[in-house]
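Colleague: can you look at this prediction? I've put the sequence above it.
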Amino acid sequence: MPRRYPPFLIRLTHGLAAGLLLGGVSAARAQDVFFSQPFATRLHTNPAFAGLVDDYGATLSYRNQLPTLAGSFVSTQLAGDLRLDVPGQHHALGLLLNQDHSGGVGYTRFEAGALYAYHTRLTERLALSGGLRASYGRQRVGYDNFVFGDQILEDGRVVGPSAEALDFPPVNYLSLGTGAVLYTERGWLSLAGQHLNQPNLGFRQQSQLPLLLSVSGGYKFFVVKPGPGVATREVSYTPVAAYTRQGGSQRVETGLYVTASPVTLGAVYRNIPALSRVETQHVLAVVAGVQAGGLRIGYSYDVGLSRLSADLGGAHELTLALRAFDRLENAYRRLKRRVYPTAPCPAF
C-alpha cells in the first residue's frame with residue numbers, strides 16, 4: 001500500500017518550488033523582497049531618499065506575494081524619515097523595520113535599519129543626496145507546521161513527536177548599504193548598493209545574502225504644475241525605468257505614472273530574465289493611490305503575464321503613509337536658497 005502524505009506536505013513542496021522558480025533563489029543564496037510601490041517604500045530602495053520628499057513622514061507597507069499558495073510570502077514594513085531643522089537643511093535621518101514571513105514553512109526574517117542622508121545643492125537647479133544604511137537582521141525557522149516522515153502511519157494518520165533533530169538556531173547578521181540620488185525638480189537618477197558586506201544567513205551551511213545593485217530614474221512632465229505657496233493642484237505624467245541585480249537574479253522594469261491630484265495611477269511592466277530552465281517571467285504591476293492632506297493610501301496588484309507567474313497568483317500590496325510638508329515655509333527657504341528641490345518621484 002503506497003504511503004499517503006498529508007496535504008500540508010504537498011502544499012509545502014509546491015510552495016517552496018514556486019518560490020525558488022519565480023524568485024531565482026538557489027540553495028546557497030538568499031534574496032531580498034521587492035515591492036511594487038518602490039516610491040512609497042523608497043527608503044528600502046535607497047537610503048539617500050531619506051528627507052527628499054517630505055519634511056518628515058511615516059509609511060506602513062504590507063505585501064502578500066503568491067496569495068493562492070499555502071504559505072504565501074508576506075512582508076510588512078514600517079519606515080520613517082525626518083529632515084533635520086538645522087542650518088543648511090543638509091541632514092536627514094531614517095528608520096526602517098521589515099519583517100518577512102512565510103506561513104507554510106514557519107520562516108521569519110526581521111530587519112531593523114538606521115539611515116542617514118546628506119543633501120547638497122550642486123547648482124541652482126541640480127541637487128545630490130548621499131545615504132548610508134546599517135541594518136541588524138535575525139532569521140529563524142519555526143517547526144510547528146512541519147510534519148516528518150516518522151510521524152506518518154501507513155493509513156495516513158499523523159502521530160508525534162518526531163525523532164528528527166531540530167537544531168537550527170536563529171541567525172543574526174549585520175548588513176551595510178549605501179546610495180545616491182541626483183535630481184532636479186523634474187527628474188532623478190538613483191543608484192544604490194545593499195548588503196555590501198554580503199552577510200551569511202545560513203543555518204548549517206554558508207548562505208550569503210548577495211550584493212544587491214539597483215539603478216532607477218524617471219522624468220516628470222507637467223500638464224498643470226503646482227504653484228508657489230499653498231497651491232497644490234497638479235496634473236503630470238512620469239515615465240520611470242529601473243534595473244536590479246542580486247546574485248544570479250535580475251529584473252528590468254519600465255512604467256508610467258499619471259497624477260491628477262489627488263489621484264495617482266500607474267502601470268509598471270516587470271521582466272524577470274530566464275533563470276536555469278525557467279522561462280522568462282513577465283509581470284504587470286497596476287498601482288492606484290490617493291492623497292488627502294497628509295494622508296496617502298496606495299494599492300497595487302501584480303498581474304502575471306506568463307503562465308508560471310499567472311498560476312502563482314501575483315501579489316497584493318497596500319501602503320499607508322502620513323507625511324508633513326510645509327509648502328509656505330519651504331517656499332521661503334527656497335527663496336533664501338536654504339533648501340533643495342523636492343524629489344519629483346511619484347508617491348506610490
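Modeller: Here it is on my side, so go on.
Colleague: look at P341 and tell me its secondary structure.
Modeller: At P341, secondary structure determined by DSSP: H, G, I helix; E, B strand; the rest coil is coil.
Colleague: can you count the residues close to the closest residue in space to it that isn't next to it in sequence?
Modeller: Excluding the flanking residues, the one nearest P341 by C-beta to C-beta, 6 or more residues apart in numbering is E185, at 4.4 Å. For glycine as for every other residue, the C-beta is placed from the backbone atoms N, C-alpha and C. The tally of other residues near E185 (other C-beta atoms under 10 Å) stands at 16.
Colleague: now E185: which helix or strand?
Modeller: E185 is part of no helix or strand, with elements assigned from DSSP states H and E.
Colleague: does it touch C345 like I think?
Modeller: No: between E185 and C345 there is no contact under C-beta atoms under 8 Å: 11.5 Å.
Colleague: helices of this structure, residue ranges please.
Modeller: 7-23, 42-45, 307-312, 327-335 (DSSP state H).
Colleague: now the stretch 151-300 of the chain, which segments are flagged as low pLDDT?
Modeller: Applying pLDDT under 70 to the stretch 151-300 of the chain flags residues 163-168, 203-206, 227-232, 272-279.
Colleague: for it, what spans make up the strands?
Modeller: For the stretch 151-300 of the chain, strands defined by DSSP state E, counting those that start in this stretch occupy the ranges 171-183, 187-194, 212-219, 221-224, 235-246, 249-260, 263-272, 281-292, 295-304.
Colleague: residue contacts, P341?
Modeller: With contact set as C-beta atoms under 8 Å, 6 or more residues apart in numbering, P341 has these partners: R125, A127, Y183, T184, E185.
Colleague: switch the cut-off to 7 Å
Modeller: For P341, the contacting residues are A127, Y183, T184, E185, by C-beta atoms under 7 Å, 6 or more residues apart in numbering.
Colleague: including distance to V303, could those residues go into CSV?
Modeller: Listed next are these as CSV, based on distance: C-beta to C-beta, whole Å:
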residue, distance to V303
A127, 36
Y183, 30
T184, 33
E185, 33
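Colleague: neighbour-wise, which of the residues you listed leads?
Modeller: Busiest of the contacts of P341 [other C-beta under 10 Å] is Y183, holding 26 neighbours.
Colleague: on that earlier part again, so which of the strands of the stretch 151-300 of the chain comes closest to L78?
Modeller: Nearest of the strands of the stretch 151-300 of the chain to L78, taken as C-beta to C-beta: strand 295-304 at 14.7 Å.
Colleague: mind giving me the packing neighbours of that closest one?
Modeller: Under the contact criterion of 3 or more C-beta pairs under 7 Å, 6 or more residues apart in numbering; DSSP states H and E, strand 295-304 touches strand 281-292, strand 315-324.
Colleague: mind doing that once more with 8 Å?
Modeller: Where contact means 3 or more C-beta pairs under 8 Å, 6 or more residues apart in numbering; DSSP states H and E, strand 295-304 is packed against strand 263-272, strand 281-292, helix 307-312, strand 315-324.
Colleague: closest to V252 out of these?
Modeller: strand 263-272 (4.6 Å).
Colleague: give the pairing partners of that closest one; include direction for each.
Modeller: strand 249-260 (antiparallel), strand 281-292 (antiparallel) (DSSP bridges).
Colleague: please name whichever of the ones you listed is nearest to H90.
Modeller: Ranking the strands paired with strand 263-272 by proximity to H90 (C-beta to C-beta) places strand 281-292 first, at 27.5 Å.
Colleague: hmm, who's touching that closest one?
Modeller: With C-beta under 8 Å, 6+ apart, strand 281-292 has contacts from 22, 36-37, 40, 255, 257, 261-272, 296-306, 308-309, 314, 319, 346-348.
Colleague: filter those residues down to the buried ones and hand me the ChimeraX line.
Modeller: Command for ChimeraX that selects the buried part of the contacts of strand 281-292, burial taken from 16 or more other C-beta atoms under 10 Å:
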select :22,36,37,40,255,257,264,265,266,268,270,272,296,298,299,300,302,304,306,309,314,319,346,347,348
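Colleague: pLDDT (mean, whole number) over stretch 305-317?
Modeller: Across stretch 305-317, pLDDT averages out at 73.
Colleague: measure that stretch end to end?
Modeller: One end of stretch 305-317 sits 18 Å from the other (C-alpha to C-alpha, to the nearest Å).
Colleague: in TSV: the strands paired with strand 263-272, plus distance to L60.
Modeller: Compiled in TSV, the strands paired with strand 263-272 are given as follows (distance: least, C-beta to C-beta, whole Å):
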stretch	distance to L60
strand 249-260	21
strand 281-292	14
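Colleague: D81 is nearest to which of those strands?
Modeller: Judging the strands paired with strand 263-272 by C-beta to C-beta, what sits closest to D81 is strand 281-292, at 17.4 Å.
Colleague: the closest one to strand 295-304, inter-axis angle?
Modeller: 160 degrees (axes from the mean of the first three to the mean of the last three C-alpha atoms, to 10 degrees).
Colleague: just the buried positions in strand 281-292, please.
Modeller: Q281, H282, V283, L284, A285, V286, V287, G289, V290, Q291.
Colleague: re earlier: could you dump the strands of the stretch 151-300 of the chain into JSON lines with distance to V86 added?
Modeller: Below are these laid out as JSON lines (distance: least, C-beta to C-beta, whole Å):
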{"stretch": "strand 171-183", "distance to V86": "20"}
{"stretch": "strand 187-194", "distance to V86": "24"}
{"stretch": "strand 212-219", "distance to V86": "29"}
{"stretch": "strand 221-224", "distance to V86": "31"}
{"stretch": "strand 235-246", "distance to V86": "31"}
{"stretch": "strand 249-260", "distance to V86": "32"}
{"stretch": "strand 263-272", "distance to V86": "32"}
{"stretch": "strand 281-292", "distance to V86": "28"}
{"stretch": "strand 295-304", "distance to V86": "27"}
